[in-house]
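Asker: Sequence first, predicted coordinates after that:
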Amino acid sequence: MTTSCLKTLALVAAASVLALASPIASAQGYPSRPVKIVVPYTAGGPVDQLARGLAERLGKSTGQPFIVENKPGGNTIVAASMVAKAPADGYTLFMASSASLAVNPLVYSKLAYDPDRDFAPVSLVASAPLVMVVGNATPATRLKDLIPYIRSREGSFAYASNGNGNPLHLACALFASMANVDMLHVPYNGTAPALASVLAGDTQMTCDIVLNSMPQIKAGKLRPIGIVGPRRVAALPDVPTLAEEGLLGVDAAVWFALVAPANTPAEVVARLNKEVVKAIDDAAMKARFSVMAMELGSSSPQDVVDLTNRERSKWAAVVRKHGIKVE
């Protein structure tokens, strides 16, 4: 073999070693600059506060700033699409919701991202319990009174949601299926106008994140019928679950997970998971968000995949039954 051929082979071998070593080296030094967490909701809301609390902890533990960027719109699609196209280097992360990962693929005929293909899960972060509330113009105070009242309205009983195909819409649709009642769905562009419609009597009911409805419940302007989940929440200890009221099978919550763009180096994902678990499992962090009715809990990346698959299977049946589709 000629000297030139040997030199060529040596250069190729060296390049290969560098190519293999590069992700490992970058992972060992991660993060070496600020990291962005994209939140698919407006600033100041519960998910934004959760992301900023997590960002603060991650910044302290890693020595680099974690910066929250709000990109609301399109039932989380705007933010999800942005992160799906970001470089797979761990410096752009997404605070994904159950809508982003489990529900949107079921209800949108065309989706600008693929949650299974475009993201690398890092960890679950939190779950936000839902509460079913009615306005004061609705005479029912308990579930046993509400169900016959809805039936007496012969399909004119209206419930509000923060958008067609949103998890809050699906939660009310699941209730309709399990209670065998016929209700009219009125979608709004956000939770604030949905709640306003119930307060004004334009609609009679909604299912919402506890934190959003809690001020109006405590002010006596909304009446809680039940928690849409397996257990009561500390923020509303006197409100029973729907199961306690006799209606089994209505279990819904909005949950959140931190994900990175697909093909982010496994070592970077592992480092992020370690730091997120440490931040989320901190007792002070959990106590801080417990009063906001946010149940914090970390996980492995595989747990995110497993929960997504279970939720997608559950909601697929509701979507089919109610013909829920968004163009």
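Answerer: Looks like it arrived, so ask away.

Asker: Could you tell me the model confidence score at the residue nearest in space to the middle of the chain?
Answerer: Centroid-nearest residue in the chain: residue 97, 2.1 Å away (criterion: CA atoms, centre = their mean). pLDDT, residue 97: 96.

Asker: Same check on the one 10 residues further on?
Answerer: Note on residue 107: pLDDT of 95.

Asker: from what I can see it touches residue 327, true?
Answerer: No - in this structure, residue 107 is not within contact of residue 327 by CB atoms under 8 Å, at 10.1 Å. Glycine gets a C-beta too; all of them are placed from N, C-alpha and C.

Asker: And these two? Which one has more around it.
Answerer: residue 107 (21 against 6; other CB atoms under 10 Å).

Asker: From residue 325, how far out is the residue nearest to the more buried one when sequence neighbours are not counted?
Answerer: Setting aside the residues directly before and after it, residue 107 is nearest to residue 165 in space (CB to CB, 6 or more residues apart in numbering), at 3.4 Å. Distance, residue 165 to residue 325, using CB to CB, to the nearest Å: 7 Å.

Asker: Then residue 222?
Answerer: Distance of residue 222 to residue 325, given as CB to CB: 30 Å.

Asker: those helices in this protein, which residues are they?
Answerer: Using DSSP state H, the helices found in the chain span residues 3-28, 46-62, 77-84, 98, 104-107, 143-152, 167-179, 191-200, 210-218, 266-280, 283-290, 301-322.

Asker: which one of those helices has the most crowded surroundings?
Answerer: Highest mean neighbour count among the helices of the chain (mean count of other CB atoms under 10 Å): helix 98, with a mean of 25.

Asker: Give me the contacts around that helix.
Answerer: Helix 98 is contacted from outside by 167, 253, 254, 255, 256, 311, using CB atoms under 8 Å, 6 or more residues apart in numbering.

Asker: could you redo the last one with a cut-off of 6 Å?
Answerer: 167, 254, 255, 311 (CB atoms under 6 Å, 6 or more residues apart in numbering).

Asker: same question, stretch 105-121
Answerer: Counting by CB under 6 Å, 6+ apart, 80-81, 84, 101, 104, 165, 259-260, 262, 264, 269, 301, 304-305, 315-316, 319, 324, 326-327 sit against stretch 105-121.

Asker: make it 8 Å
Answerer: 77, 80-81, 83-84, 88, 94, 96, 100-102, 104, 164-165, 257-264, 269, 301-302, 304-305, 308, 312, 315-316, 319, 324-327.

Asker: same thing with stretch 183-195?
Answerer: 150, 155-164, 166, 168-169, 172-173, 176, 197, 202-203, 205-206, 208-209, 212-213, 216, 222.

Asker: go again using 6 Å as the cut-off
Answerer: Residues from elsewhere that reach stretch 183-195 (CB under 6 Å, 6+ apart): 157-164, 176, 203, 206, 208, 212.

Asker: If you rank those by neighbours, which is first?
Answerer: With neighbours taken as other CB under 10 Å, the top of the contacts of stretch 183-195 is residue 206, carrying 30 neighbours.
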